[in-house]
Every structure is written in structure tokens, then in C-alpha cells.
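**Student:** I would like the atomic coordinates for the input below:
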Amino acid sequence: MNQPPAASRPPAPEIAPIEHDGIRYEQDRIDPSRGDRNGGYLAAFDARTGERLWRVQVYEVPDQDAEAPTGMGRYFRSMHLVGNGDAIEIENEAGALYRVDLDTRTPVQISGPEPSREAPPAPLKPKPIPQ
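**Tutor:** Presented below is the predicted three-dimensional model:
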């Protein structure tokens with residue numbers, strides 16, 4: 001009996017949108033036309049019309065990572081409104097916590113591990129052959 005191939009990671013957590021003052025905030029999964037990686041984006045929509053108002057990258061998804069292999073993404077683990085409704089705090093699957101100011105649409109990391117930004121090591125040069 002054939003079974004479908006197993007996924008190499010569990011499905012992304014389902015995070016409920018937040019509605020506040022007529023705007024719905026939700027995780028925006030991916031937009032391949034923009035070359036996006038899976039995860040890391042917050043979008044705001046008019047709650048009445050559904051029109052997208054804006055979108056911001058909260059954090060970068062690394063090219064290669066033990067928790068999020070290439071193409072697999074890193075999604076929100078939790079999202080909630082803070083302060084007087086002027087910011088949203090987002091925790092990603094790696095445990096990093098970010099706060100997005102809703103007026104300026106500016107994300108700031110406030111705790112947790114930071115994605116690796118190191119360039120991959122250069123390939124080794126072949127050793128010269130002794131003559």
C-alpha cells in the first residue's frame with residue numbers, strides 16, 4: 001500500500017487574525033511574485049471590505065536553518081495586541097519576539113534568537129598538485 005510522502009516539518013501554526021479599530025491584522029504567508037520566503041510578514045486589511053492596506057516584513061527567514069530548512073519557512077507562533085492597541089507582539093517559531101508599531105509599521109526584535117545573517121562559507125580552493 002502506497003502512502004503519501006511525509007512532510008519534512010509540521011504544518012505552520014494557525015494564528016487567528018486580530019481585529020482592532022476596523023482593521024484586521026494577520027500573518028501574510030507568502031507572495032511568490034515578490035520572491036518572498038515562507039513566513040515573517042504581517043498584513044493589515046480593511047475589516048469591512050477586505051482590501052489590503054499594507055504589509056510589512058517582521059523578520060527575515062534565513063536561507064538555511066536547522067529549524068526552518070530552505071523553502072520551509074518560519075511562521076508566527078503567536079500574535080497579540082499590546083499597549084493601547086498601538087502595537088502587535090509576534091513570536092515566531094524560533095522563539096524570537098517582535099513588536100510591530102502599527103502607526104509607523106516598524107518591527108523591532110525585543111527578545112530571542114536572531115536569524116543567522118552570516119554568509120555561507122566560501123568553497124575550499126583545490127590544493128596545488130606538487131610537480
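**Student:** any low-confidence regions in the chain?
**Tutor:** 1-9, 30-38, 62-73, 114-131 (pLDDT under 70).
**Student:** Repeat the analysis, applying 90 as the threshold.
**Tutor:** Where the chain drops to pLDDT under 90, the residues are 1-14, 28-40, 59-75, 83-84, 93-94, 112-131.
**Student:** What ranges does it have for its strands?
**Tutor:** 18-20, 23-28, 41-46, 52-57, 76-82, 87-92, 97-101, 106-111 (DSSP state E).
**Student:** The second one vs strand 87-92, what angle?
**Tutor:** Which is strand 23-28. Interaxial angle, strand 23-28 versus strand 87-92 (axes from the mean of the first three to the mean of the last three C-alpha atoms, to 10 degrees): 20 degrees.
**Student:** Show me what strand 23-28 is packed up against.
**Tutor:** On a contact count with 3 or more C-beta pairs under 8 Å, 6 or more residues apart in numbering; DSSP states H and E, strand 23-28 meets strand 18-20, strand 41-46, strand 76-82. Glycine gets a C-beta too; all of them are placed from N, C-alpha and C.
**Student:** ranking those strands by burial, who's on top?
**Tutor:** Mean neighbours per residue, mean count of other C-beta atoms under 10 Å, is largest over the helices and strands packed on strand 23-28 for strand 41-46, with a mean of 20.
**Student:** what's the burial count for the closest residue in space to residue 88 that isn't next to it in sequence?
**Tutor:** Counting by C-beta to C-beta, 6 or more residues apart in numbering, residue 88 lies nearest to residue 100, which is 5.0 Å off, once chain neighbours are set aside. By other C-beta atoms under 10 Å, 21 other residues sit near residue 100.
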